[in-house]
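just a sequence and a predicted model for now, questions to come.
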Amino acid sequence: MATVLKETTPPKQVTVDVEIIYSGNDMRPKKFIVNYSIDGELGFEVIEN
């Protein structure tokens, strides 16, 4: 098992930041803005709720 793990490619470096957007005084989020980086490649997604 250890040999198999050593032979595979190392895991990618991942960072994630989630910004939660509320509308007025609602307790339910309106949307989520997700900023991420995978091995230095930046990206983002907006998820409507």
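The structure has been received and is ready for your questions.

quick one: contacts of stretch 35-42?
Here stretch 35-42 makes contact (Cβ atoms under 8 Å, 6 or more residues apart in numbering) with 12-19, 43-45. All C-beta spots, glycine's among them, are computed from the backbone N, C-alpha and C.

in contact with the residue positioned nearest the centre of the chain, which residues?
Residue closest to the average C-alpha location in the chain (Cα atoms, centre = their mean): V16, at 3.8 Å. Shown in contact with V16 (Cβ under 8 Å, 6+ apart): 34-36.

distance to T8, secondary structure and pLDDT added to the residues you listed, as CSV?
Listed next are these as CSV, based on distance: Cβ to Cβ, whole Å; DSSP: H, G, I helix; E, B strand; the rest coil; pLDDT from 0 to 100:
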residue, distance to T8, secondary structure, pLDDT
V34, 27, strand, 98
N35, 28, strand, 99
Y36, 23, strand, 98
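
and the strands in this structure, which stretches?
Using DSSP state E, the strands of the chain run over residues 14-22, 29-38, 41-48.

could those strands go into CSV alongside distance to K6?
Shown next, in CSV, are these (distance: least, Cβ to Cβ, whole Å):
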stretch, distance to K6
strand 14-22, 21
strand 29-38, 23
strand 41-48, 26
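
tell me the most buried of the ones you listed?
Using mean count of other Cβ atoms under 10 Å, the stretch among the strands of the chain with the largest mean neighbour count is strand 29-38, at a mean of 14.

return the member of the contacts of V16 nearest to G24.
G24 has its nearest neighbour among the contacts of V16 in V34, at 22.2 Å by Cβ to Cβ.

which residue sits closest to that closest one, ignoring its sequence neighbours?
Among residues not flanking V34 along the chain, E45 sits closest, at 4.6 Å (Cβ to Cβ, 6 or more residues apart in numbering).
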